[in-house]
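Engineer: No letters, just coordinates:
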């Protein structure tokens, strides 16, 4: 009886150690791979050119060239801040920032930039399909009242089919900026 039991256990162990892959699993995996190659996922990296466009745009903005900065925007562009405020239209955006640079901001320097261009195929929430450029950078601002401040900014820019920014969302903590602006010379 022991010999039969030992022989049966040995056969079961040898059968379970079989190295041949199952064909049904292999077929299913190959089919999934083919589907993934044909249809893009919900999001993928976008072209490097968007980083170059974003860097050029940020350099214009930091130098005070507001006309150059808005030249990369669509006429119907919307600039939103994380607090919920927004400005609609390229001309209105230019007017706001020209006034701000003329009367409030003396100089801006950006550093420690991080750029991530993505192509959103399947939006997860309220974001628009298409190319988004996400950026994080540090700003050192000096204001007309001679106060200075260093802070971080995160910005999301959506590009339309003409490669113009039609939506820009800027995430910035306004409390320290407002405190710096409230100080007297």
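Structural biologist: Okay, I see it. From a predicted model like this one, the values you see are computed outputs, not experimental measurements.
Engineer: Residue 152 in helix, strand or coil?
Structural biologist: Recorded secondary structure, residue 152: strand (DSSP: H, G, I helix; E, B strand; the rest coil).
Engineer: number of nearby residues for it?
Structural biologist: Other residues near residue 152 come to 12 when the count uses other C-beta atoms under 10 Å. C-beta here means a position set from N, CA and C on the backbone, and glycine is covered the same way.
Engineer: Surely it is in contact with residue 135?
Structural biologist: No. Using C-beta atoms under 8 Å, residue 152 is not in contact with residue 135; the gap is 10.9 Å.
Engineer: Tell me where the protein is predicted with low confidence.
Structural biologist: 1-38, 185 (pLDDT under 70).
Engineer: longest strand anywhere in the protein?
Structural biologist: In the chain, with assignment by DSSP state E, the single longest strand is strand 105-120.
Engineer: Which elements pack onto the next helix or strand after that one?
Structural biologist: Following strand 105-120 in sequence order, the next helix or strand is strand 130-143 (DSSP states H and E). The contact analysis (3 or more C-beta pairs under 8 Å, 6 or more residues apart in numbering; DSSP states H and E) places strand 130-143 against helix 49-63, strand 105-120, strand 148-159, helix 174-182.
Engineer: what about 10 Å?
Structural biologist: With contacts taken as 3 or more C-beta pairs under 10 Å, 6 or more residues apart in numbering; DSSP states H and E, strand 130-143 sits against helix 49-63, strand 105-120, strand 148-159, strand 165-171, helix 174-182.
Engineer: could you dump these to TSV with distance to residue 139?
Structural biologist: Shown next, in TSV, are these (distance: least, C-beta to C-beta, whole Å):
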stretch	distance to residue 139
helix 49-63	8
strand 105-120	6
strand 148-159	6
strand 165-171	11
helix 174-182	10
